[in-house]
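Visitor: I would like the atomic coordinates for the input below:
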Amino acid sequence: MLKHVLDVVDLLDSPHADGGTVAKYFESLFTSPAPTIHVETVESESGSTDFVRVLIPGRHGKSSGGTAPTLGIIGRLGGVGARPEIIGFTSDGDGAAAALAAAAKLLTMYERGDILDGDLVIATHVCPDAPTRPHEPVAFMDSPVDLATMNSHEVTAEMDAVLSIDTTKGNSIINHRGVALSPTVKSGYILRVSEDLVRILGVVTGEPVVTYPITMQDITPYGNGVYHINSILQPATATDAPVVGLAITAGIPVPGCATGASHEADIAAAARFAVELAKDFGAGRTTLHDDAEYRELVALYGSMAHLQTLGSKGA
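Guide: Residues are numbered from 1 along each chain as shown. You can find the predicted model right below:
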């Protein structure tokens, strides 16, 4: 995995980084045309970014008429660079690097004949010159496009569960360098941390698993004026599938626009977790939530889907 991380970071650490470059790298990994790579440039008044989405078919996946569940892996970020203000690969880009490295590994496995049971959809975006914006306790990376646009290009209806990977270093809550796991979020409910995911993450890191707290604020859409730890759980505002955030973390608050702050081994750990989750999820060995317990909560307390909206501000 580290080889793929190094290759991906090298591609992204350039003022000319774009979706086409990433697509060519992926195409170099296989000879069969089965995986689908989609690149789309989206522009706004703040600039542009390239959305990259890869579909890797499963042996029994829905794309080939099967019934195995589909896992979505999303690399969430503002931008891989903040040029011209800051030169270099930003800490904020770690989520994209992890998702793309996982895609590279899974494409290599596919080419070699290690085809997983379920389909996989891996999505992120590539912007080497994203803006920054103020945030406490450290500055955040912004993006040329808003979160609703990101969700529309990265979250698909085929996804039966979503793993969102994001740098989550700009806070004083997670004082740990490495990776950390969030509780599962589904349709406005914050559910308990998945024991299946704890098991997989422990095996991948070989260390005690670190989890982190999230609040109701964190699972509401950006734009409502309340504080969010970051955008790691924004995919949960755009789907009713269960969503889990895998945070790439630091021991101290680190700005998302900081360069020289990425640790390739931590990115590799996040990518390896994504690959191992993909193996188990498509095969039905792992779930992100207890569906019976979730349905009981809804029966007792009603829907929380209004938390996926802007509330009265969106009325």
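Visitor: just the strands in the chain please.
Guide: Under the criterion DSSP state E, strands of the chain are mapped to 36-44, 47-56, 71-76, 120-126, 132-133, 140-141, 161-167, 178-181, 185-186, 189-190, 243-249.
Visitor: Run through the neighbouring helices and strands of the fourth one.
Guide: In terms of contact count using 3 or more CB pairs under 8 Å, 6 or more residues apart in numbering; DSSP states H and E, strand 120-126 is assigned the packing partners helix 19-27, strand 47-56, strand 71-76, helix 94-112, helix 147-154. Quick note: C-beta positions are derived from backbone N, CA and C, even for glycine.
Visitor: try the last one
Guide: Under the contact criterion of 3+ CB pairs under 8 Å, 6+ apart, strand 243-249 touches helix 94-112, strand 161-167, strand 178-181, strand 185-186, helix 264-282.
Visitor: Compare those and report which one is nearest to Arg133.
Guide: For Arg133, the closest of the helices and strands packed on strand 243-249 is strand 161-167, at 15.2 Å, according to CB to CB.
Visitor: mean confidence score for the closest one?
Guide: On average, the pLDDT along strand 161-167 is 98.
Visitor: That one: partners in the sheet, and parallel or antiparallel?
Guide: strand 71-76 (parallel), strand 243-249 (parallel) (DSSP bridges).
Visitor: what is the orientation angle of that strand with helix 264-282?
Guide: 180 degrees (axes from the mean of the first three to the mean of the last three CA atoms, to 10 degrees).
Visitor: Please identify the buried residues of strand 161-167?
Guide: When burial is assessed from 16 or more other CB atoms under 10 Å, strand 161-167 yields the following buried residues: 161-167.
Visitor: Go through those and name the one nearest His306.
Guide: Top of the list for closeness to His306, among these and by CB to CB, is Val162 at 20.1 Å.
Visitor: picking up where we left off before, as TSV, the strands of the chain with distance to Leu147 would be great.
Guide: Listed next are the strands of the chain as TSV, based on distance: least, CB to CB, whole Å:
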stretch	distance to Leu147
strand 36-44	12
strand 47-56	13
strand 71-76	9
strand 120-126	12
strand 132-133	13
strand 140-141	12
strand 161-167	12
strand 178-181	22
strand 185-186	15
strand 189-190	19
strand 243-249	14
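Visitor: Nice, that's everything, thank you.
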